[in-house]
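# Quick one, structure for this:
(2 chains)
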Amino acid sequence: MIKKIKASRSEKIIFIFIIILSVLSFGSFFLIKDKCLFVKDYNPKKIKFDNPKNIAILNVPCGNVIIELYPEISPNSVKRFKTLVEARAYDKIAFHRVIKNVLVQAGDLQFGKKGNLNYAKIGTGKSGLGTINSEIDAPFDFIRGSVGLARAQKYNTEDSQFFILLRDEPLYETEYTPIGKVIYGLEALEKIKFLDKSQYVLRPDFINSLTLLK
Amino acid sequence: MNVIRLIILSFFIFTQSQADTIYNLIKIPNLDIYEINSSNKLRYLYAKQPFTIGVDNNINCYNPEKKVLNEKYKIIKKNLDKYDQKFLQKINLKYIVLCEDLSISKINTAGIPNNIMKTLILDVKFNENYFERVIHHEVFHIINDSYKELFDEKIWANFNIKEFKYAKCSTCTDKLGLDTYSNTNGFFTEYSQSTASEDMAEVFSHLMVGSNLKDIDPILQQKIQFIKTNLLKIDQSFIL
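Just a heads-up that it's a prediction; the model follows:
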């Protein structure tokens, strides 16, 4: 005859503790995995803009980033940016250079396209439209959220690549061409994938889409 | 081809990450901002720790004493304020790095110009007697490097008497004196006789600090005219 053994009180407590621990571990695993959990996603249709023609919507893995463009400061550069945005050239393009809490950079249309990434050349690609001149003479505060065109070592080599600042960078004034500023959703960019030991990201995050509001 | 790609890729992987913005801009480590709100948009930086740069790490400089830095900054700024933003943009000068005991290949030097990186490194402890003049001397090297075609060394050398020959480089000679001659005879200083570009820089620096030009010999007068004419080609509003 098999004798039924009753669990002691301490065994019951340990069992309940293990159950609770399992539930918490399992739950937190999914919560932590979702890096966008606490990032607010802005809907541009619900926001009123003074000048909707100069609003660009950058959709990234954690939501929308709303950028106001400044054609009055950098007319040619904003024109180039708008041309590429209207052509949907930035869709599925990698954030190939990301420096934690400093900046995110994207826009290599040649070597940064999803499905066709070229790690050896990323950051050196061109748009096919040629380079444009730097527009750096106007005073501009490169503060957190500022959007500028990236370039090679020399001036007047701007093309399609752009960066968005995650902190103030006063030394960028008269160094880089400003094209706008993020007015909503900068938090989504703080979640873009970065590496601790390199500015250039392997298996990077991508721009889902970049469009103009109007 | 794959090997080349791997090398490029490894460069991306091992490049410095927690970006020091200054390093990213001018490739000199251990610097901090001293002053960036100058009227001509020059950015003054200083060494917060010693740094080593250059081919085979041959350029060294140390962090300056704060008191010396503060005193010399005023002098440096006063002199560099003579150049307006437009002119500085044209010659490609933007960053002034202040440090102490600057040397290149273990030879002490007052300054190291680099027009590609838009940078001029200055030793704040350089000899007091020539300090202000040396600032402009180094600025001329930036000008010269940016406009090589204007400052033709053959034309310049022809101003001198036929028997005179410059050394092959500024460190290939012991003509290092910086005292201004009372009897110029074609040259402002002994150092002027080292190379054509050093000679031009000496002429320019003497003009910039307003040296007495009363008893200038005809050769030096030609050199002064050459410098003035070519500076006007860079910027018509440049006044010497």
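# Could you report the distance from the nearest residue to A:N208 once chain neighbours are set aside to A:L189?
The shortest distance from A:N208 to any residue other than its chain neighbours is 4.2 Å, reached at A:N59 (CB to CB, 6 or more residues apart in numbering or on different chains). C-betas here are computed from N, CA, C, even on glycine. Between A:N59 and A:L189 the distance is 12 Å, computed by CB to CB, to the nearest Å.
# Could you do B:E138 as well?
41 Å.
# now do B:N158
B:N158 is 60 Å from A:L189, by CB to CB.
# Quick check, pLDDT for B:I107.
Per-residue pLDDT puts B:I107 at 89.
# For it, grab the count of nearby residues.
The criterion is other CB atoms under 10 Å in any protein chain shown. On that basis, B:I107 has 10 neighbouring residues.
# Was I right to think it contacts B:S170?
No. Between B:I107 and B:S170 there is no contact under CB atoms under 8 Å: 9.7 Å.
# secondary structure element for the closest residue to B:L98 other than its chain neighbours?
Spatial nearest neighbour of B:L98, excluding adjacent residues (CB to CB, 6+ apart): B:Y46 at 4.4 Å. Using DSSP states H and E, the element containing B:Y46 is strand B:43-47.
# which residues are contacting that strand?
Here strand B:43-47 makes contact (CB atoms under 8 Å, 6 or more residues apart in numbering or on different chains) with A:171, B:22, B:28, B:30-36, B:38, B:61-64, B:69, B:73, B:76-77, B:94-100.
# Which strands border it, and is each parallel or antiparallel?
Using DSSP bridges, the strands paired with strand B:43-47 are strand B:31-35 (antiparallel), strand B:95-104 (parallel).
# wait, what's in contact with B:S197?
Counting by CB under 8 Å, 6+ apart, the residues that B:S197 touches are B:H141, B:N144, B:F151, B:E153, B:S170.
# Widest-spaced pair of those?
Greatest spatial distance in the contacts of B:S197: B:F151 and B:S170, 15.3 Å, computed using CB to CB.
# now the helices: where do they sit in chain A?
Along chain A, the stretches classed as helices by DSSP state H are A:9-33, A:75-86, A:186-190.
# Pull out the buried residues from the shortest one.
Translated: helix A:186-190. A:L186, A:E187, A:A188, A:L189 (16 or more other CB atoms under 10 Å in any protein chain shown).
# What lies in contact with that helix?
Contacts of helix A:186-190 (CB under 8 Å, 6+ apart): A:36, A:39-41, A:60-65, A:101, A:104, A:144-145, A:164, A:166, A:182.
# bridging residues for the residue nearest to A:N208?
Going by DSSP bridges, A:N59 forms beta bridges with A:N64, A:S209.
# contacting residues for the spatially closest residue to A:N101 that is not a sequence neighbour?
Distances taken as CB to CB, 6+ apart put A:L166 closest to A:N101, at 5.3 Å, once the chain neighbours are dropped. Listed by CB under 8 Å, 6+ apart, the contact set of A:L166 reads A:N101, A:V102, A:L103, A:V104, A:R144, A:L186, A:L189, A:E190.
# at 7 Å instead, please
A:N101, A:V102, A:L103, A:V104, A:R144, A:L189, A:E190 (CB atoms under 7 Å, 6 or more residues apart in numbering or on different chains).
# For the residue nearest to the spatial centre of chain B, what are phi and psi?
Nearest to the geometric centre of chain B sits B:E138, at 2.3 Å (CA atoms, centre = their mean). B:E138 adopts backbone torsions of phi -70, psi -40, taken as degrees, to the nearest 10.
# any idea how far it lies from chain A?
21 Å (CB to the nearest CB, to the nearest Å).
# and chain A, what are its domains?
Here the domain parsing of chain A from automatic domain parsing is A:7-36, A:44-212.
# end-to-end on the last one?
Start-to-end span of domain A:44-212 (CA to CA, to the nearest Å) is 11 Å.
# so how far is that domain off the chain centroid?
9 Å (CA atoms, centre = their mean, to the nearest Å).
# ok, now the shortest one?
On the basis of CA atoms, centre = their mean, the separation between the geometric centre of domain A:7-36 and that of its chain is 34 Å.
# What are the buried residues along it?
For domain A:7-36, the neighbour count (16+ other CB under 10 Å) marks no residue as buried.
# Then stretch A:119-129?
Buried, per 16+ other CB under 10 Å, within stretch A:119-129: A:Y119, A:A120, A:I122, A:G123, A:G125, A:S127.
# Export that stretch to CSV, keeping only CA atoms.
What follows is stretch A:119-129, C-alpha atoms only, in CSV (Å, rounded to 0.1, in the frame of the first residue of the first chain):
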residue,chain,number,x,y,z
TYR,A,119,29.4,46.3,-44.1
ALA,A,120,32.7,46.9,-45.8
LYS,A,121,31.5,50.0,-47.5
ILE,A,122,28.6,51.3,-45.4
GLY,A,123,29.0,55.0,-44.7
THR,A,124,30.7,55.7,-48.0
GLY,A,125,27.7,55.3,-50.3
LYS,A,126,26.2,57.9,-52.6
SER,A,127,22.7,58.9,-53.6
GLY,A,128,23.5,59.2,-57.3
LEU,A,129,22.4,62.9,-57.2
